[in-house]
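> Just to be clear, the model below is a prediction. Sequence and coordinates:
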Amino acid sequence: MSSEVRTRFAPSPTGYLHVGGARTALFNWLFARNHLGKFILRIEDTDKKRNTAEAYQVIYDGLSWLGLDWDEGPHVGGNFGPYFQSERNSIYENYLNRLEKNGVLYEDEGAIRFRSPRKTVIVEDMVCGRVIFDMSHPGTHPDMTLRRPDGTWIFHFVNVVDDIEMKISHVIRGEDHLSNTPKHIELYEALGAPRPRFAHIPLILNHEGKKLSKRDGGASVDTYRADGYAPEAVINYLSLLGWSPGENREILKVPEILELFDIQSINRRNAIFDLDKCFWMNGQHILRMTLDRFAELALPFIEKAGVAYGSRERLLPVLAIVKEKIKVFRDVPEWIRYFFTEEFVIDPAAVENTLRKAGALDRLKALRDSYQALETWDLHHLESRLKETATQIGCKTGDLIHPARVAVSGRSVGPSLYHMLEILGQKSVLNRFEKTFRQFSL
RNA sequence: GGCGCAUUCGACUAGUGGUUAGGUCACAGCCCUCUCAAGGCUGGAGCACGGGUUCGAUCCCCGUAUGCGCUGCCA
């Protein structure tokens, strides 16, 4: 029981969930789940006035969307709450009193400072190895402040107190905290508390090699949901920043990541975030996911775009034939809209490149004639009849296929033509052909 | 400035005291093909630099450079 693994993610409500934070949360979550331990969410909302309800919600939404469920924290409670620093004032008072009794505090213009023991502190980090800090010089390592004159708390103190109180066994956090760690260790020692194991993971940087900021594309987790990424793809991508399972494995499902993840094998080098690869990876996950999962993730975008798909029974076959083309779910509506309405947009460039080609409409008319007479409207008959027609009028199949695609969809790119025609049905296809003749004949 | 961490193709990474330094994204070309994707093949592209240690270093050690982080009464 005392050896139970307990990790935590301790964000402050800044209004968005940073991908770097999400990755920190992910590694904490993976480590806890791997060791059958507990993953705790604690909100570090000490002295911020902009702590709006939305700012908290963004954190819950982001983590939930990614599937990083917490065992203790907001909404779920736990035995070590409250899980908001803003509600833990009396706890901090107690700990401050303990330090006061130990004579390690002093007042400085109204602020409370901690008197450093001025010794060498050795950090045994699970990622960075042994790191030695010489704390003996006040010039380079000034005594840290624990509390401001107005009574509000400083991060280092409350962070350590909470980790002690919440029995955090492993502190997994960004490498920007490595230099803070000796200070934290001094507090653990002064409080007579056992120190946790530390693991400092490399940071995520932007293309300029700077810390990824809110302005950088892909910095905020909610944009992934908005743009139509699958959470499992984002998890996969983030997991490979600073970590690799080896054997050239890359496309991994969450259970696989869980199985393969090993905190010892995290590297120490900062990683630059590459949205292109994340995008590619999303496509790979889409390719591999079930149609049900695809539909589940695509549906919000379809609804939002107002595509009147009628029923799930009508929608699924359409999704089935576009699934392999889709990279992000945001694109789904444009790929399927014309299946459900006659009022679809016609791409002028597509018209120019196909319907306006010499003889294109005549060939399409020949195809119309053969399809009009087609009795069995299915994939195979559509294909063989089109090929026969091409042979009869002496053109390549592509010379029929391309104009036909534009005629029925308004687009020059799309799924396989025969699949499209089969789903659209004979009546609709012939209608669209006629409409095309009316609209584009000279 | 001080302290800490890092440095393998443009990016993410694998890797070992002796390898043709491997994979993936991106890029280019080719193949496949009804478009677009997907897929296949090929190509360009990398061990920051200088000293050591060693028979031999990308790998170990020391410097230098560069980058990042910390150096707050931010978190």
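Right, received. Where do you want to start? Numbering: from 1, shown residues only, chains lettered A, B, ... in the order given.

> and residue A:175, how far is that from residue A:264?
16 Å (CB to CB, to the nearest Å). From N, CA and C alone the C-beta is placed, and that goes for glycine too.

> swap that for residue A:5, please
To residue A:264, residue A:5 is 14 Å away according to CB to CB.

> and residue A:175 and residue A:264? which has more neighbours close in?
Using other CB atoms under 10 Å, the more surrounded residue of residue A:175 and residue A:264 is residue A:175, with 18 against 7.

> Which strand or helix spans the nearest residue to the more buried one once chain neighbours are set aside?
Closest residue in space to residue A:175, ignoring its immediate chain neighbours: residue A:200 at 4.5 Å, by CB to CB, 6 or more residues apart in numbering. Secondary-structure assignment from DSSP states H and E places residue A:200 in strand A:197-201.

> What are the buried residues along that strand?
A:198, A:199, A:200, A:201 (16 or more other CB atoms under 10 Å).

> C-terminal to it, which secondary structure element comes first?
Heading C-terminal from strand A:197-201, the first helix or strand you meet, by DSSP H and E, is strand A:204-205.

> With just CA atoms, put whichever helix or strand comes after that following strand into PDB.
Where DSSP H and E defines the elements, the next helix or strand beyond strand A:204-205 is helix A:221-227. This file holds the C-alpha atoms of helix A:221-227, laid out as PDB (Å, rounded to 0.1, in the frame of the first residue of the first chain):
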ATOM      1  CA  VAL A 221      -5.500  20.300 -27.600                       C
ATOM      2  CA  ASP A 222      -9.000  21.500 -28.400                       C
ATOM      3  CA  THR A 223      -7.900  22.400 -31.900                       C
ATOM      4  CA  TYR A 224      -7.400  18.800 -32.700                       C
ATOM      5  CA  ARG A 225     -10.900  17.900 -31.800                       C
ATOM      6  CA  ALA A 226     -12.100  20.900 -33.800                       C
ATOM      7  CA  ASP A 227     -10.100  20.000 -36.800                       C
END
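
> Look up how far RNA strand B lies from the nearest residue to residue A:149 once chain neighbours are set aside.
Nearest-residue entry for residue A:149: residue A:110, 3.2 Å, with adjacent residues in sequence omitted and distances by CB to CB, 6+ apart. According to CB to the nearest atom of the strand, to the nearest Å, residue A:110 stands 6 Å off from RNA strand B.

> repeat for residue A:115
Applying CB to the nearest atom of the strand, the value for residue A:115 to RNA strand B is 13 Å.

> Can you give me the pLDDT of the closest residue in space to that residue that isn't next to it in sequence?
Leaving aside its sequence neighbours, residue A:115 sits nearest to residue A:104 (CB to CB, 6+ apart; 5.0 Å). Listed pLDDT for residue A:104 reads 95.

> Residue A:190 is in contact with residue A:104, correct?
Yes. Counting by CB atoms under 8 Å, residue A:104 does reach residue A:190; the two are 5.2 Å apart.

> related to what we said a few turns ago, the residue nearest to residue A:175: what's it in contact with?
Residues in contact with residue A:200 (CB atoms under 8 Å, 6 or more residues apart in numbering) are A:125, A:127, A:128, A:173, A:174, A:175, A:177, A:178, A:181.

> Same check on residue A:66?
When contacts are counted by CB under 8 Å, 6+ apart, residue A:66 is found next to A:22, A:25, A:26, A:221, A:231, A:234, A:235.

> now check stretch A:305-319, is it near RNA strand B?
No. Contact of stretch A:305-319 with RNA strand B (CB under 7 Å from any atom of the strand) is absent, the minimum separation being 14.4 Å.

> for stretch A:123-130, that is, sorry about that
Yes. Applying CB under 7 Å from any atom of the strand, one finds stretch A:123-130 in contact with RNA strand B at A:128, A:129.

> Tell me which residues of that stretch come out buried.
Buried positions in stretch A:123-130, judged by neighbour count with 16+ other CB under 10 Å: A:123, A:125, A:126, A:127, A:128.

> quick one on the thing from earlier: can you list residues touching both of residue A:104 and residue A:190?
The contact sets of residue A:104 and residue A:190 overlap at residue A:114 (CB under 8 Å, 6+ apart).

> re the thing from before, mind checking which of the contacts of residue A:66 land in strands?
The strands in this structure, assigned by DSSP state E, contain none of the contacts of residue A:66.

> how long is stretch A:188-199 from one end to the other?
16 Å (CA to CA, to the nearest Å).

> what sits up against it?
The contact list for stretch A:188-199 (CB under 8 Å, 6+ apart) reads A:27, A:31, A:95, A:98-99, A:102, A:104, A:114, A:117, A:123-127, A:160-161, A:163-164, A:168-173, A:181, A:185, A:263, A:266.

> Filter these down to the buried ones.
Among the contacts of stretch A:188-199, those buried by neighbour count (16+ other CB under 10 Å) are A:27, A:31, A:95, A:99, A:104, A:114, A:123, A:125-127, A:160-161, A:163-164, A:168-173, A:181, A:185, A:263, A:266.

> circling back: give me the distance between the residue nearest to residue A:175 and RNA strand B.
Distance, residue A:200 to RNA strand B, by CB to the nearest atom of the strand: 8 Å.

> Specify the beta-bridge partners of that residue.
Applying DSSP bridges to residue A:200 gives these bridge partners: residue A:173.

> quick one: it from residue A:152, how far?
27 Å.

> Strands - which of the contacts of stretch A:188-199 land there?
Those of these lying in strands (DSSP E): A:114, A:123, A:124, A:125, A:170, A:171, A:172, A:173.

> how about the third one, what does it touch?
In this case it means residue A:124. Neighbouring residues of residue A:124 by CB under 8 Å, 6+ apart: A:130, A:197, A:198.

> Just the pLDDT at the residue lying closest to residue A:279 once chain neighbours are set aside, thanks.
Leaving aside its chain neighbours, residue A:279 sits nearest to residue A:327 (6.2 Å; criterion: CB to CB, 6+ apart). Residue A:327 is assigned 97 on the pLDDT scale.

> still on that earlier bit, from the buried residues of stretch A:123-130, pick the one nearest residue A:392.
Distance to residue A:392, by CB to CB, is smallest for residue A:127 among those, at 70.0 Å.

> The closest one is in contact with residue A:201, isn't it?
Yes. Contact criterion CB under 8 Å: residue A:127 and residue A:201 qualify, at 6.0 Å.

> anything in contact with each of the two?
Listed as contacting both residue A:127 and residue A:201 by CB under 8 Å, 6+ apart are residue A:266.
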